[in-house]
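> following is a predicted model, sequence given first.
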Amino acid sequence: MTWRLGKTKITLDVPGMLIVTAMLIADRSGAMSMALAACCMHEGGHAVAMMLLGVPLRTIRLCPWGIRMERGGGEIERNQSVRIALSGPLVNGIAAVILWPVSLRFAAVQAVCGLFNMLPLEGMDGGDLLDLILLQRLPERKAAVIRTAITATLGTVCGAAGVYLLLLGGNPTLLLAALYLLFMLIWQYKSRDR
């Protein structure tokens, strides 16, 4: 399903919608709806920052691995990239502080969403910031190798910890996050080859 909002194309992929719907139906705790709201607020922060900075937002897409936003136009300034990358986690941080006295649980979900996105990993806001730092000091190829190594290492550590927690009868969230990171690493790698 696709429609336009001004110059921005909004797409809801069927697999993405099915995954979100299944997770919302299966979730009896309400955590999924809070996580979805936190993600939407996070991406809204990026969209507002882009609008305020005059960076065109070409596409918003709900896909199986999350909400993806693509900007239009050519290159943007480094400080604009930094502001855009920080805007999503900043919105989550502000929401966490505001929600703290109202709903500790929703505030925690907001904080986790913002912190998770600040990890210096491929496909995350922290990874975009890491890219900006590395590309300022290193050739693109070396920067890509370092970024991939960091993502693979942290993803493996998260995966091992997630399996350990799951075997102890714990929550599968950390393992799912590690699988997400691995998927993002593969997806970003394949997108660069196109």
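Arrived safely, thanks for sending.
> give the contact list for the nearest residue to residue 58 once chain neighbours are set aside.
Excluding its sequence neighbours, the residue lying closest to residue 58 (Cβ to Cβ, 6 or more residues apart in numbering) is residue 72, at 3.6 Å. C-beta: built from backbone N, CA, C; applies to glycine. Contact partners of residue 72, counting by Cβ atoms under 8 Å, 6 or more residues apart in numbering, are 7, 56, 57, 58.
> tell me the strands beside the helix or strand where the last one lies, with direction?
With the criterion set as DSSP states H and E, the secondary-structure element containing residue 58 is strand 57-63. In its sheet, strand 57-63 lies beside strand 8-12 (parallel), strand 66-71 (antiparallel), with partners assigned from DSSP bridges.
> how does this protein divide into domains?
1-118, 119-194 (automatic domain parsing).
> make JSON lines from the ones you listed and add mean pLDDT to it.
Listed next are these as JSON lines, based on pLDDT from 0 to 100:
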{"stretch": "domain 1-118", "mean pLDDT": "87"}
{"stretch": "domain 119-194", "mean pLDDT": "81"}
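> from memory residue 127 sits against residue 118, does it?
No. With contacts defined as Cβ atoms under 8 Å, residue 127 does not count as touching residue 118, sitting 9.4 Å away.
> of the two, which one has the most company?
More neighbours surround residue 127 than the other of residue 127 and residue 118, with 23 against 20 (other Cβ atoms under 10 Å).
> please name the residues that touch that one.
119, 120, 121, 147, 151.
> and for residue 128, the neighbour number?
Going by other Cβ under 10 Å, the residues that sit close to residue 128 add up to 18.
> apart from its neighbours in sequence, what residue is nearest it?
residue 85 is the one closest to residue 128 (Cβ to Cβ, 6+ apart), at 4.4 Å.
> re earlier: for the strands paired with strand 57-63, which one sits closest to residue 34?
strand 66-71 (15.5 Å; Cβ to Cβ).
> just the buried residues of the closest one, please?
66, 67, 68, 69, 71 (16 or more other Cβ atoms under 10 Å).
> next up, the contacts around the second one.
Put plainly, it is residue 67. Applying Cβ under 8 Å, 6+ apart, the residues near residue 67 are 39, 40, 43, 60, 61.
> which of these are buried?
Buried among the contacts of residue 67 (16+ other Cβ under 10 Å): 39, 43, 60, 61.
> nearest to residue 182, of these?
residue 39 (19.3 Å).
> what helix or strand is that closest one located in?
Counting by DSSP H and E, residue 39 is part of helix 31-53.
> in that helix, what counts as buried?
Per 16+ other Cβ under 10 Å, helix 31-53 contains these buried residues: 31-32, 34-36, 38-39, 41-43, 45-47, 49-50, 53.
> next, the angle helix 31-53 makes with whichever strand or helix holds residue 105.
Here residue 105, judged by DSSP H and E, is contained in helix 104-117. Helix 104-117 and helix 31-53 meet at an angle of 60 degrees, taking axes from the mean of the first three to the mean of the last three Cα atoms, to 10 degrees as the criterion.
> sounds good, over and out.
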